[in-house]
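J.: Sequence first, then the predicted structure:
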Amino acid sequence: MRVLSNQAAGMLLGLLGVTIFGGTLPMTRLALEGFGPVFITLARAVIAAAAAGTALWLLRRPFPRAHLPTLAGVGLCAVFGFPIFSSIALQTIPASHGGVVLGILPLLTAVFAAIVDGERPGPLFWLCGVAGAALVIAFSLRESGFHLGAGDFWLLLAAMSASLSYVFSAKLARLMPGWEVIGWAVVICLPATLVGTVLAAGSGIHDPGPMQYGALLYLGLMSMFGGFIFWNAGLALGGIARVAQVQLFQTFVTLAISALVLGEAVGPETLGFALAVAFVVWLGRKAKIGRAAPAAGRA
């Protein structure tokens, strides 16, 4: 019963994180109206580091020196990789279009979980993952007239960076609170991101208004920090590959926010596809996921 409770809690926490992450592409698109992609990448990390550093200092959390290499990996992928790749992509494609490529996040996360963390999803899980990704892609193709281009290549790199950061974060979130994982990751990157923000400010700020500043704050406080608090805890509690399935909903969150904030059109077929995706996630949640046997001590 305890395992089932952990799975349910992990899925719920993951869904909260995905809802926050769903606003990332629309907010990035909005921020690009006033800032350059390099400035957005660096400034959002500085904002996140200010919030995380304050929390870590107030709560007197000790620096996890033993986990520095893995934290550096989280920082490389989450602080630099995903933000810069997605910002470059969204200069040429709409946010709703970006949801297409990010529909492969659950598959990529499961692949990296198998490689890095030893998880071994069964055939049913992979079938559900492929089916869910196909549904998301089919929906986005129908809605946005999707055409492969340079922006999709950059988004694929962004998806790979995000998935790898999720796996690294989840491994550490079993050893420390999830918020500390992303908190220390952005803090150890602060010297580089702070200097980079100052250097990029001259050419990276293009007469932003209140909406652009608000979008940048969202990216720093929510996408870079707040969302990871729920997401890391969910991955650690419910299992990386299984909880990653809820990322299939992220496309629809992105589409909804894109419609509300950016005025991008969302067709009436959304509900039908969302229900189909919900069924796939429910089925994938029931799939068996094991772990690779350790090298030492095998018979």
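T.: Yes, it's here.
J.: and the host helix or strand of residue 106, which residues are buried?
T.: Assigned by DSSP states H and E, residue 106 belongs to helix 105-116. Residues 105-114, 116 are the ones in helix 105-116 that count as buried (16 or more other Cβ atoms under 10 Å). Glycine gets a C-beta too; all of them are placed from N, C-alpha and C.
J.: Kindly report the same for stretch 257-265.
T.: Buried residues in stretch 257-265, defined by neighbour count with 16+ other Cβ under 10 Å: 257-259, 261-262, 264.
J.: Pipe these into CSV and attach pLDDT and secondary structure per row.
T.: CSV is the format used below for the buried residues of stretch 257-265 (pLDDT from 0 to 100; DSSP: H, G, I helix; E, B strand; the rest coil):
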residue, pLDDT, secondary structure
257, 87, helix
258, 83, helix
259, 83, helix
261, 85, helix
262, 81, helix
264, 72, coil
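J.: For the closest residue in space to residue 243 that isn't next to it in sequence, which residues are in contact?
T.: Counting by Cβ to Cβ, 6 or more residues apart in numbering, residue 243 lies nearest to residue 14, which is 4.1 Å off, once chain neighbours are set aside. Each residue near residue 14 by Cβ atoms under 8 Å, 6 or more residues apart in numbering is listed here: 230-231, 234-235, 238, 243-244, 246-247.
J.: and if we set it to 10 Å?
T.: Taking Cβ atoms under 10 Å, 6 or more residues apart in numbering, we find residue 14 in contact with 166, 230-235, 237-240, 242-247, 249.
J.: try residue 65
T.: residue 71.
J.: So which residues of the protein form strands?
T.: 119-121, 289-291 (DSSP state E).
J.: Now the longest helix seen in the chain: buried residues?
T.: Counting residues, the longest helix found in the chain (DSSP state H) is helix 150-173. Across helix 150-173, burial judged by 16+ other Cβ under 10 Å covers 151-152, 154-173.
J.: for stretch 206-224, same thing?
T.: Neighbour count says stretch 206-224 has 208, 212, 215-216, 218-224 buried, by 16+ other Cβ under 10 Å.
J.: roughly how far is that stretch from the heart of the chain?
T.: How far stretch 206-224 lies from its chain's middle: 17 Å, per Cα atoms, centre = their mean, to the nearest Å.
J.: Let's see the distance spanning stretch 87-104 from one end to the other.
T.: 18 Å (Cα to Cα, to the nearest Å).
J.: Excluding covalently adjacent residues, which one is nearest to residue 131?
T.: Take residue 131 and drop its neighbours on the chain: the residue closest to it by Cβ to Cβ, 6+ apart is residue 280, 5.3 Å away.
J.: Identify the residues contacting the one you found.
T.: Residue 280 neighbours (Cβ under 10 Å, 6+ apart): 106, 127-136, 245, 248.
J.: Just the ones in helices from those, please.
T.: 106, 127-136.
J.: Where do the helices of the stretch 151-299 of the chain begin and end?
T.: Taking DSSP state H, counting those that start in this stretch, the helices of the stretch 151-299 of the chain run over residues 178-188, 190-204, 210-218, 227-238, 240-244, 250-257, 270-285.
J.: Run through who's touching the third one.
T.: Looking back up the chat, that one is helix 210-218. By Cβ under 10 Å, 6+ apart, helix 210-218 touches 20, 23-24, 26-35, 39-40, 43-44, 47, 205-206, 208, 223-224, 226, 261.
J.: hmm, back to that, would you list the ones in helices among the contacts of residue 280 in a markdown table and tack on pLDDT and distance to residue 78?
T.: Formatted as a markdown table, the ones in helices among the contacts of residue 280 follow (pLDDT from 0 to 100; distance: Cβ to Cβ, whole Å):
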| residue | pLDDT | distance to residue 78 |
| --- | --- | --- |
| 106 | 76 | 17 |
| 127 | 82 | 29 |
| 128 | 78 | 26 |
| 129 | 74 | 22 |
| 130 | 80 | 26 |
| 131 | 82 | 28 |
| 132 | 75 | 23 |
| 133 | 75 | 22 |
| 134 | 79 | 27 |
| 135 | 78 | 27 |
| 136 | 71 | 22 |
